[in-house]
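Asker: for reference, the sequence and a predicted model appear below.
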Amino acid sequence: MKAAELRAKSPDELQQELNALLKAQFSLRMQKATQQLTNTSQLAKVRRDIARVRTLQAEKAKGRGKT
């Protein structure tokens, strides 16, 4: 997911995206714990996407975001 795509979203949409990513991260962690996860790089990708969304949420909260 690109930061440019996320910048176009509203704060509510960003929150929905964050919730979806957190659920995906939980699911991947459970798959890893039960040794069902074959592509472990997905964990890092989801973690980075969560960081992107949280960064943009902070920018928009401070009023620096380009809407």
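Answerer: All right, it came through fine.
Asker: can we go C-alpha only for contacts and neighbour counts from here?
Answerer: OK.
Asker: nearest to the spatial middle of this structure, which residue is it?
Answerer: Note on the chain: the residue nearest the mean C-alpha position is Ile50, at 2.7 Å, using C-alpha atoms, centre = their mean.
Asker: list phi and psi for that one.
Answerer: phi -60, psi -40 (degrees, to the nearest 10).
Asker: then Gln36?
Answerer: phi -100, psi -10.
Asker: for the remainder of this discussion, apply numbering that starts at 2.
Answerer: With 2 as the first residue, the last one maps to Gln37.
Asker: distance of it from Gln16?
Answerer: 29 Å (C-alpha to C-alpha, to the nearest Å).
Asker: so for the two, which sits in the more crowded spot?
Answerer: The neighbour count for Gln37 versus Gln16, taken as other C-alpha atoms under 10 Å, is higher for Gln16 (15 against 11).
Asker: in what helix or strand does the more buried one lie?
Answerer: Gln16 is part of helix 12-34 when elements are defined by DSSP states H and E.
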